[in-house]
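Asker: only geometry, no sequence info:
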């Protein structure tokens, strides 16, 4: 047993999670086209990643931030944030799978420990890190977790952040998870209305947003249309 598991079991009572997985369909490969990530469906059709579709939506603030700190600093911060997020996701997946926790560094371990209180509200896990897509909406993606949260079936997304975020800053998260609800229902015939965003920050705070997909689906269609418009325009200029 590694030192992380020894520490965790000594200081935190681990929960045993119940799994009721759906029968996974074929996994989807990805392909980068014009710098954008697409998922390749079993029939060969290519659908854009929902995160890619939403990445350009409301990014004016990010553009201003990058300009203010400079490209090199911004790239370093973004790279560190991506590594932090991957590490916390790995620990979270270990924990929800009732597995021993893998050593991920001091900061991710601390962040995971803070997040554990919210993770313990999850149970009856249906899917983790599963590839999904929707022919109706024309998008695909990989969902973090589908499970009951406080007893209600939900699409759950795990995020890390340097600081706490205002709700209006994370609207894309709500649209993304609402899209996963639609993808899951189309693929498996089970309706999900509740979306849950769990954020843990380097400052030691957790933020929990529980929403209804119906409030964000109206924003999904125009985001997809705008993506295809820009993608088509970019293709013409190359």
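Answerer: That came through fine. This structure is a prediction, so every number in the text was calculated from the model and none was measured.
Asker: please make it C-alpha for all contacts and neighbour counts, starting now.
Answerer: Will do.
Asker: what segments of the chain are strands?
Answerer: 29-33, 36-40, 46-48, 122-134, 139-149, 152-161, 194-201, 206-212 (DSSP state E).
Asker: now do residue 100 against residue 154, distance only.
Answerer: Distance, residue 100 to residue 154, using C-alpha to C-alpha, to the nearest Å: 25 Å.
Asker: which one of these two has more residues nearby?
Answerer: Using other C-alpha atoms under 10 Å, the more surrounded residue of residue 100 and residue 154 is residue 154, with 27 against 16.
Asker: and the more buried one, what are its bridge partners?
Answerer: residue 147, residue 194 (DSSP bridges).
Asker: what's near enough to touch it?
Answerer: Taking C-alpha atoms under 8 Å, 6 or more residues apart in numbering as the criterion, residue 154 is in contact with 146, 147, 148, 192, 193, 194, 195, 196.
Asker: among the residues you listed, the buried ones, what's the PyMOL command?
Answerer: In PyMOL, a selection of the buried entries from the contacts of residue 154 looks like this (16 or more other C-alpha atoms under 10 Å):
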select buried, resi 146+147+148+192+194+195+196
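Asker: nearest to residue 218, of the contacts of residue 154?
Answerer: residue 193 (14.0 Å; C-alpha to C-alpha).
Asker: any weak-confidence spans in this protein?
Answerer: 1-13, 58-78, 80-81, 104-106, 236-238 (pLDDT under 70).
Asker: thinking again about what came up before, need the strands of the chain in a markdown table with distance to residue 234, can you?
Answerer: Compiled in a markdown table, the strands of the chain are given as follows (distance: least, C-alpha to C-alpha, whole Å):
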| stretch | distance to residue 234 |
| --- | --- |
| strand 29-33 | 11 |
| strand 36-40 | 11 |
| strand 46-48 | 15 |
| strand 122-134 | 24 |
| strand 139-149 | 19 |
| strand 152-161 | 30 |
| strand 194-201 | 32 |
| strand 206-212 | 34 |
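Asker: nearest to residue 87, out of those strands?
Answerer: strand 152-161 (9.9 Å).
Asker: and the closest one with strand 194-201, angle?
Answerer: Per axes from the mean of the first three to the mean of the last three C-alpha atoms, to 10 degrees, the angle that strand 152-161 makes with strand 194-201 is 20 degrees.
Asker: what angle do strand 152-161 and strand 122-134 make?
Answerer: 80 degrees.
Asker: from the chain's centre, how far out does strand 152-161 sit?
Answerer: On the basis of C-alpha atoms, centre = their mean, to the nearest Å, strand 152-161 sits 7 Å off its chain's mean C-alpha point.
Asker: buried ones in it?
Answerer: 153, 154, 155, 156, 157, 158, 159, 160, 161.
Asker: which residue packs closest to the fifth one, ignoring adjacent ones?
Answerer: Just to be clear, that refers to residue 157. Excluding the flanking residues, the one nearest residue 157 by C-alpha to C-alpha, 6 or more residues apart in numbering is residue 197, at 5.0 Å.
Asker: how about the contacts made by the most centrally placed residue in the chain?
Answerer: The residue lying closest to the centre of the chain (C-alpha atoms, centre = their mean) is residue 157, at 4.4 Å. By C-alpha under 8 Å, 6+ apart, the residues touching residue 157 are 143, 144, 145, 177, 196, 197, 198.
Asker: closest to residue 123 out of the residues you listed?
Answerer: Minimum distance to residue 123 across these is 10.5 Å, recorded for residue 145 (C-alpha to C-alpha).
Asker: isn't that closest one up against residue 127?
Answerer: Yes. With contact defined as C-alpha atoms under 8 Å, residue 145 counts as touching residue 127 (5.6 Å).
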